[in-house]
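Colleague: how would this look folded up:
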Amino acid sequence: MAHRVIHGAAAFLVAIGCIADIDRPQVLGRLVANDPKRTFAVHCGNGFDAGFIPLSKGSFEPLRCRLLSLGSDMQRREFITLLGGAAAAWPLTARAEQSRAPRRIGLMANLPLPPIQKFRQRLQQLGYIEGKNLIIEYRYGEGRDDRFPSFAAELVAMPVEVIVVWGNPAAFAAKRATTSIPILIGAAGDVVNTGLISNIAHPESNLTGFVALNVELEEKRLELLKEVIPRLSRVAVLANSANPLSRFNLTTARRVAQHLGITIEAVEVKSSKDVESALVKINELHPDAVLLAADTMLLSERKRITEAMATNRIPAIYPFREYAPAGGLFIYGANLSILFERAADYLDRLLKGEKPGNLPVQQATAFEIIINLKAAAGLGLTIPQSVLVRADEVIE
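Modeller: Numbers count the residues shown, from 1 in each chain. Take a look at the predicted model:
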């Protein structure tokens with residue numbers, strides 16, 4: 001009987017994270033030989049120096065165990081009570097360790113551009129360290145919006161706790177993939193007219209996030225072009241017809257163009273494979289300027305686009321600051337880095353249990369004008385001082 005009790009205790013100790021000398025044959029033999037009728041218990045705690053072998057690599061300190069001879073002072077019934085109390089504490093230990101498991105989220109975008117780096121930096125400030133208490137599953141389309149549906153399916157199958165998206169195509173893919181996992185829009189265009197979200201004050205279902213107001217800014221972009229190029233009469237709009245936002249970009253551009261006496265020529269692509277032929281068509285149209293629609297697939301082709309504009313000497317205005325280092329002439333749009341920093345705050349709240357419907361969709365409040373004087377010189381353009389003084393950044 002003593003063997004069974006002692007081995008039972010040893011098995012329990014193995015389960016909770018330590019192995020005491022109690023399970024060594026020589027110890028068992030000595031104990032039973034001395035008095036086979038005696039009962040032995042195990043004293044477990046963190047204040048003993050007895051030998052033990054930790055079985056867990058977790059951050060908690062393993063239990064340290066030693067044998068206590070109970071003799072007539074404690075009967076088997078009391079020993080069972082001792083084990084029962086330890087067993088009751090075990091689930092609490094397990095839950096505490098599980099609560100320290102890293103949180104896992106997904107992120108879908110076209111490219112790992114600076115706004116995503118700002119998102120990660122803000123998460124660090126909030127206490128989320130990648131690889132320790134946070135795992136981010138990155139999925140980049142790299143110019144192929146058709147990859148987002150399979151990416152979304154992968155993230156849902158894992159599953160992740162939240163899916164962060166950049167751009168309307170990625171947002172729609174996530175929305176079609178799940179109705180339960182929260183979807184956080186880091187930046188997108190018109191979410192209401194495109195059908196992503198119907199109520200920005202109280203988002204329905206599982207979506208919330210931030211809107212860059214790119215459609216609404218088309219008016220300001222055309223006005224800037226007219227101010228720099230007074231003779232402006234024909235503008236080509238390069239848009240991605242696969243993006244639900246593009247239809248609203250074109251509608252807005254045409255409405256504004258009428259008031260400014262400008263004719264709009266739409267040149268649309270469906271994927272990055274169509275960009276080259278679209279640039280050839282734009283050159284054949286001989287427009288006075290080009291307006292780039294807000295689209296992350298087109299953004300992934302920014303170097304090819306800006307080089308074509310420089311080669312063909314066509315002024316162009318762009319929606320994202322990432323076009324400027326690639327040689328873009330004018331940029332006017334929302335500061336997406338700020339939006340992604342704010343998205344990190346929303347993510348923190350979602351991971352702490354907040355419902356997406358309690359987090360209103362927020363619109364961009366910070367916008368920037370960037371002017372590339374080097375590109376202007378190459379085009380033979382002189383930027384009016386009235387425009388330069390309004391610029392947030394001037395590239396010499």
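Colleague: Give me the contacts around stretch 199-206.
Modeller: Residues from elsewhere that reach stretch 199-206 (CB atoms under 8 Å, 6 or more residues apart in numbering): 175, 178-183, 191-192, 197-198, 211, 356-357, 359-361, 363. Quick note: C-beta positions are derived from backbone N, CA and C, even for glycine.
Colleague: Show me what counts as buried in that stretch.
Modeller: Using 16 or more other CB atoms under 10 Å as the test for burial, stretch 199-206 gives 200, 203, 205-206.
Colleague: sorry, back to before: filter the contacts of stretch 199-206 to the buried ones?
Modeller: 175, 178, 181-183, 191, 197, 211, 356, 359, 361.
Colleague: Let's see which of those residues end up in strands.
Modeller: 183, 211 (DSSP state E).
Colleague: hmm, who's touching stretch 368-387?
Modeller: Outside stretch 368-387, the residues that touch it by CB under 8 Å, 6+ apart are 224, 227-229, 306, 310, 313-315, 321, 324, 327-335, 388, 390-396.
Colleague: Endpoints of stretch 180-193, how far apart?
Modeller: Stretch 180-193 has an end-to-end distance of 23 Å (criterion: CA to CA, to the nearest Å).
Colleague: just stretch 303-321 next, same as before
Modeller: Terminal residues of stretch 303-321 lie 13 Å apart, using CA to CA.
Colleague: what does stretch 256-268 give?
Modeller: 19 Å.
Colleague: Let me see the mean pLDDT of that stretch.
Modeller: For stretch 256-268, mean pLDDT is 95.
Colleague: list the buried ones in that stretch?
Modeller: In terms of neighbour count (16+ other CB under 10 Å), stretch 256-268 has its buried residues at 256-257, 262, 264, 267-268.
Colleague: Tell me how many other residues crowd the residue nearest to T178 when sequence neighbours are not counted.
Modeller: In space, T178 comes closest to V156 once its chain neighbours are excluded; the distance is 4.8 Å by CB to CB, 6 or more residues apart in numbering. Residues within reach of V156, counting by other CB atoms under 10 Å, total 16.
Colleague: show me what contacts V156?
Modeller: Contact analysis of V156 by CB under 8 Å, 6+ apart lists 163, 177-178, 181.
Colleague: One more pass at 10 Å, please.
Modeller: V156 makes contacts with 106, 163, 174, 177-178, 180-181, as judged by CB atoms under 10 Å, 6 or more residues apart in numbering.
Colleague: In the host helix or strand of it, which residues are buried?
Modeller: Following DSSP states H and E, one finds V156 within helix 148-157. Residues of helix 148-157 classed as buried by neighbour count (16+ other CB under 10 Å): 148-149, 151-152, 154-156.
Colleague: Please state the offset of it from the chain centre?
Modeller: Mean C-alpha position of helix 148-157 versus that of the full chain (CA atoms, centre = their mean, to the nearest Å) differs by 14 Å.
Colleague: After it, heading C-terminal, what element do we hit next?
Modeller: Next helix or strand after helix 148-157 toward the C-terminus (DSSP H and E): strand 162-166.
Colleague: Name the strands paired with that next one and say parallel or antiparallel.
Modeller: Sheet pairing here is set by DSSP bridges, and for strand 162-166 it gives strand 103-109 (parallel), strand 183-188 (parallel).
Colleague: Next, the angle from that strand to helix 148-157.
Modeller: 160 degrees (axes from the mean of the first three to the mean of the last three CA atoms, to 10 degrees).
Colleague: so how far is strand 162-166 off the chain centroid?
Modeller: Mean-position distance between strand 162-166 and its chain equals 5 Å (CA atoms, centre = their mean).
Colleague: CA atoms of that strand as CSV?
Modeller: Taking Å, rounded to 0.1, in the frame of the first residue of the first chain, the C-alpha atoms of strand 162-166 are listed here in CSV:
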residue,chain,number,x,y,z
VAL,A,162,-8.0,40.2,-35.2
ILE,A,163,-7.4,40.8,-38.9
VAL,A,164,-5.8,44.2,-39.7
VAL,A,165,-6.2,45.4,-43.3
TRP,A,166,-4.9,48.2,-45.6
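Colleague: Out of the strands paired with strand 162-166, which is the most enclosed?
Modeller: Mean neighbour count (mean count of other CB atoms under 10 Å) peaks for strand 183-188 among the strands paired with strand 162-166, with a mean of 29.
Colleague: quick one: buried residues of stretch 266-275?
Modeller: Judged by neighbour count (16+ other CB under 10 Å), stretch 266-275 contains these buried residues: 267-269, 272, 274-275.
Colleague: So L224 versus R313, what's the distance?
Modeller: L224 sits 19 Å away from R313 when distances are taken as CB to CB, to the nearest Å.
Colleague: coming back round to it: would you mind putting the buried residues of stretch 266-275 into JSON lines with secondary structure alongside?
Modeller: Formatted as JSON lines, the buried residues of stretch 266-275 follow (DSSP: H, G, I helix; E, B strand; the rest coil):
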{"residue": "V267", "secondary structure": "strand"}
{"residue": "E268", "secondary structure": "strand"}
{"residue": "V269", "secondary structure": "strand"}
{"residue": "S272", "secondary structure": "helix"}
{"residue": "D274", "secondary structure": "helix"}
{"residue": "V275", "secondary structure": "helix"}
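Colleague: if we can go back for a sec, please identify which of L224 and R313 sits among more neighbours.
Modeller: L224 (18 against 11).
Colleague: Using CSV, write out every CA atom in the strand or helix carrying that one.
Modeller: Assigned by DSSP H and E, L224 belongs to helix 218-228. What follows is helix 218-228, C-alpha atoms only, in CSV (Å, rounded to 0.1, in the frame of the first residue of the first chain):
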residue,chain,number,x,y,z
GLU,A,218,-10.1,64.3,-55.6
GLU,A,219,-11.5,67.9,-55.8
LYS,A,220,-8.4,69.3,-54.0
ARG,A,221,-6.0,67.3,-56.2
LEU,A,222,-7.6,68.7,-59.4
GLU,A,223,-7.5,72.2,-58.0
LEU,A,224,-3.8,71.9,-57.2
LEU,A,225,-3.1,70.7,-60.7
LYS,A,226,-5.1,73.7,-62.2
GLU,A,227,-3.2,76.1,-59.9
VAL,A,228,0.2,74.8,-61.1
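Colleague: Alright, I will stop here.
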